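Trainee: Sequence and predicted structure below; questions after.
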Amino acid sequence: MVLSVVAVAMAGIALIATHDSGSGMEPVSAPDPTTSVSVHPTTSVSPTASVAPKPVQRNEVNVEVYNTSSIKKLAARTAADAATLGWQVLGTDNWPGSVPAPTVYYGPRLEEAAKLLGKDLGIRRIRPSVDPMKPDRLTVILDRTYVEG
């Protein structure tokens, strides 16, 4: 057993003696606590930085317009306005329920588009879509205050 320990020690010494110092590896030592080091990065990357959202392309966003009021053709007129601005209007109809104010509802990844459509149509109330709305489009629901406001 003593011979095994001596053989391992000799192999270690031989390895150190024949090690090529030109390998690019430098010895590492603990930093001197009395020395200060200042790092000035040339670029700053925040771990919480996010990619800027893609600008909304109106012609790539589908829209449905619904009317909850008794005002005839309110959804059709609003849909025509949206189409004139470049939105892809899929259709209009009456909505059987009610809303507290004209609202643009949006599905996943469509919030920025909903804000833009709301701005285009003068609708300030923007909300996530609810069932039975389709999540792949914007749903506009109008009430009497849309024409009165």
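Mentor: Noted; the coordinates are in hand. Residues are numbered from 1 along each chain as shown.
Trainee: What strand or helix carries Leu116?
Mentor: helix 111-121 (DSSP states H and E).
Trainee: Which elements pack onto that helix?
Mentor: helix 74-84, strand 103-106, strand 125-128, strand 138-142 (3 or more CB pairs under 8 Å, 6 or more residues apart in numbering; DSSP states H and E). From N, CA and C alone the C-beta is placed, and that goes for glycine too.
Trainee: which one of the ones you listed lies closest to Tyr66?
Mentor: With CB to CB, the closest approach to Tyr66 among those belongs to strand 138-142: 4.8 Å.
Trainee: and the angle for the closest one with helix 111-121?
Mentor: Inter-element angle recorded for strand 138-142 and helix 111-121: 40 degrees (by axes from the mean of the first three to the mean of the last three CA atoms, to 10 degrees).
Trainee: Going C-terminal from strand 138-142, what's the next secondary structure element?
Mentor: Immediately after strand 138-142, counting by DSSP H and E, sits helix 145-148.
Trainee: Tabulate the CA atom coordinates of that following helix in CSV.
Mentor: What follows is helix 145-148, C-alpha atoms only, in CSV (Å, rounded to 0.1, in the frame of the first residue of the first chain):
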residue,chain,number,x,y,z
THR,A,145,-73.5,56.1,-24.8
TYR,A,146,-71.2,55.5,-27.8
VAL,A,147,-73.3,57.9,-29.9
GLU,A,148,-74.3,60.2,-27.1
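Trainee: Against which helices or strands is that helix packed?
Mentor: helix 74-84.
Trainee: relative orientation of the helix it packs on and strand 138-142 in degrees?
Mentor: Using the same axes, to 10 degrees: helix 74-84 against strand 138-142 is 140 degrees.
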